[in-house]
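Sequence below, structure please.
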Amino acid sequence: MDRHSFMLKQYSEQQQRNKKIKQLWRARLEVDANANGTSGYVVKEGVNAGKILAHHNTKSTNNW
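The predicted structure is shown next:
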């Protein structure tokens with residue numbers, strides 16, 4: 001196998017790998033964070049239903 005066909009084969013395999021990785025990233029499901037005005041994720045099922053996870057609080061810097 002000469003140099004060019006080897007490089008083209010490697011490039012093609014890399015592009016196929018990248019395409020599969022992108023498809024997996026697009027197919028994943030994310031949680032609905034920051035919905036309904038909360039600053040976290042609300043558990044919908046199970047023992048902890050209704051609890052807010054990762055509730056973020058930021059303190060104001062406008063204390064002049």
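
what about the residue sitting nearest the centre point of the chain, distance to residue 41?
Geometric centre of the chain, nearest residue: residue 30, 6.7 Å, by Cα atoms, centre = their mean. Between residue 30 and residue 41 the computed distance is 10 Å (Cβ to Cβ, to the nearest Å). C-beta: built from backbone N, CA, C; applies to glycine.

Residue 60 now?
From residue 60 to residue 41 the distance is 24 Å (Cβ to Cβ).

next one: residue 26
Using Cβ to Cβ, residue 26 is found at 21 Å from residue 41.

who has more neighbours, these two?
residue 41 (17 against 7; other Cβ atoms under 10 Å).

wait, the more buried one sits on residue 52?
Yes - Residue 41 lies in contact with residue 52 (Cβ atoms under 8 Å); the separation is 7.1 Å.

On the three-state scheme, residue 59 is what?
Recorded secondary structure, residue 59: coil (DSSP: H, G, I helix; E, B strand; the rest coil).

can you pull out the strands in this protein?
For the chain, the strands defined by DSSP state E cover 41-42, 52-53.

Mean neighbour count, the ones you listed: which tops it?
strand 41-42 (a mean of 17; mean count of other Cβ atoms under 10 Å).
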